[in-house]
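J.: mind folding the following:
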Amino acid sequence: MPRPAQAPTRRRADAFVDMSAREAPPTLDLERFLPYRLSVLAQRVSADLHARYAGRFGLTVAQWRVMACLGRFAPVSANEVCVRIVMDKVAVSRALAAMTSTGLVEATTDPLDRRRGVLRLTPKGRDVHAAIAPLALDYEATLWAGLTPGERAAFDALLGKLDTHARSMSDPDAADTG
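T.: Numbers count the residues shown, from 1 in each chain. Sure, this is the predicted structure:
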């Protein structure tokens, strides 16, 4: 047997909102959303650069980033690599394992702190790095060629400013670390 309709209680009646009187929620135009645009650009550039070295050297994007970090900052710990290239520990660990097994990276104990392991490129790793670095720099120069010198300077400054601001949004102390 159907239940008789009940009049809404005052508390329930107050919960109903006239949607026509509310402002429409803001629209997220994905193609104009800065985080999305930065991500798409980074993926496009990374994939295009990867296509230029992957076949010849057999490195993944993560392996190249680790190699570039070690080529610039070694000797460093795996945690330092993660921080410098802003990549999660699992991805860095996998890249390092593959690079160690192919003789590109070696791990040793830090002579100043025997509890700390440090990483560096092997001679073979340095040779691969030395071969890829000019390809990467040529790619960068070609990419920059799409902007005037003034636009390049402004874009570089704005990227730095956005990076500093993004760091301060997630961790106020991070902006001070450079």
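J.: only C-alpha atoms for contact and neighbour calcs from this point on.
T.: OK.
J.: helices of the protein, residue ranges please.
T.: If DSSP state H is used as the criterion, the helices of the chain fall at 10-15, 34-57, 61-73, 78-85, 89-101, 123-144, 149-170.
J.: between the ones you listed, which gets nearest to residue 110?
T.: helix 78-85 (12.3 Å; Cα to Cα).
J.: now do stretch 151-167, average pLDDT.
T.: Mean pLDDT, computed over stretch 151-167, is 96.
J.: longest strand in this structure, please.
T.: strand 113-121 (DSSP state E).
J.: list the buried residues for that one?
T.: Across strand 113-121, burial judged by 16 or more other Cα atoms under 10 Å covers 117-121.
J.: torsion angles phi and psi at the residue most central in space within the chain?
T.: Centre of the chain computed as the mean C-alpha position; nearest residue by Cα atoms, centre = their mean is residue 86, 5.3 Å away. Reported as degrees, to the nearest 10, the phi and psi values for residue 86 are phi 50, psi 60.
J.: that one and residue 96, how far apart?
T.: 15 Å (Cα to Cα, to the nearest Å).
J.: next: residue 149.
T.: Where residue 96 is concerned, residue 149 sits at a distance of 37 Å (Cα to Cα).
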